[in-house]
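# Just the structure for this:
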Amino acid sequence: MDTGEFLEFLLREKVLRFGDFVLKSGRRSPYFFDLGAISSGPALDCLGAAYAARIATMSPVPDLLFGPAYKGIPIAVATSVALVRDHGINVDIAFDRKEAKQHGEGGRLVGGPLENLHTLIVDDVVTDGKAKVDAYRLLRDAGAEVAGVLVALDRRERVDGEETGIQSLAHRLGVPVFSIVTLDDLVAYLQRNGENPEALETILRYRSLYCVS
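Numbers count the residues shown, from 1 in each chain. Below is the predicted model:
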C-alpha cells in the first residue's frame, strides 16, 4: 500500500473527513482524523498492513509493539498480525490500562515481560504528545528499550516556533517519531486527483497559517 492508496483507504473509511471541526486544542480545522472510525475486520486488516509495511523498512525491526490505551491497542494487534503474515516478522505486543488493576495480576501493563525489548509505540496521531510521553515513561520503568513512535498521520502543525508536534515529541523523548503519511502527502493527493477543490483550498490556507511545510 503506497501513500496514495493509504490516503484513499482513510477517506473511504471516513477516518479522514473534510468540513469544519474543533480540535482538542480549540483550533478550528478544515479536516479531521479519527482512526476510531475503523470498526470492521477488513478495514483493520488494511490498517495493520499499512503499519506493518512501514515497520518492515526499519532497521532493526522492533521486538515488541506497544499500543497506548485505547486507540493504540487495535493498531498494535492488527499490525502484529500483518507483520507475520506479509513479512514473516514475529513481534510481541503489549498495551496499558488507563487505571491500574487492583486484583488478579494487577498493574497497568498487559502483555509479556518488557525488559530489554526493542519497543516501538504505535498510535494514531500526535496532538500534545502527552499520551506518548506517558507511554514512554511506563515502558522505561518496565525496563523496555523504547526505539521510537509510529503514527498514521503527521499533521505538521507548529507547536513551538518552527517545530512540529512530531519534532517536539522526538526531542522530548530522545527517540525518532515516524508517520505513514503527512499533511503534505494529503495536499499532494488532492492536487493530483482534483476531486475536492474546496477542501484543498481550505487545507492550503490552514497549512499556511498553522503548519510547517
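
# From now on I want contacts and neighbour counts done on CA atoms only, so please keep to that.
Noted.

# Surely residue 95 is within a helix?
No. Note on residue 95: no helix contains this position according to DSSP: H, G, I helix; E, B strand; the rest coil, which reports strand.

# and it, what does it touch?
Residue 95 is in contact with 66, 67, 68, 69, 72, 73, 109, 110, 111, counting by CA atoms under 8 Å, 6 or more residues apart in numbering.

# ok, so of those, who is nearest residue 188?
Using CA to CA, residue 72 is the member of the contacts of residue 95 that sits closest to residue 188, with 27.3 Å.

# give the contact list for the residue lying closest to that closest one once chain neighbours are set aside.
Spatial nearest neighbour of residue 72, chain neighbours left out: residue 123 (4.6 Å); criterion: CA to CA, 6 or more residues apart in numbering. Contacts for residue 123 (CA under 8 Å, 6+ apart) come out as 67, 68, 71, 72, 75, 149, 150, 151, 152.

# re earlier: quick one: which of the contacts of residue 95 is most hemmed in?
Compared across the contacts of residue 95, residue 66 has the highest neighbour count, 29 neighbours, by other CA atoms under 10 Å.

# Could I get the CA-only coordinates of whatever helix or strand it lives in as PDB?
Per DSSP states H and E, residue 66 falls inside strand 64-67. Output of strand 64-67 as PDB, limited to C-alpha atoms (Å, rounded to 0.1, in the frame of the first residue of the first chain):
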ATOM      1  CA  LEU A  64       7.600  -5.500  20.600                       C
ATOM      2  CA  LEU A  65       4.800  -3.200  19.600                       C
ATOM      3  CA  PHE A  66       3.200  -1.100  22.400                       C
ATOM      4  CA  GLY A  67      -0.300   0.300  21.900                       C
END
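
# Tell me the strands beside it, with direction?
Under the criterion DSSP bridges, strand 64-67 sits next to strand 92-101 (parallel), strand 118-122 (parallel) in its sheet.

# Appreciated, that's everything.
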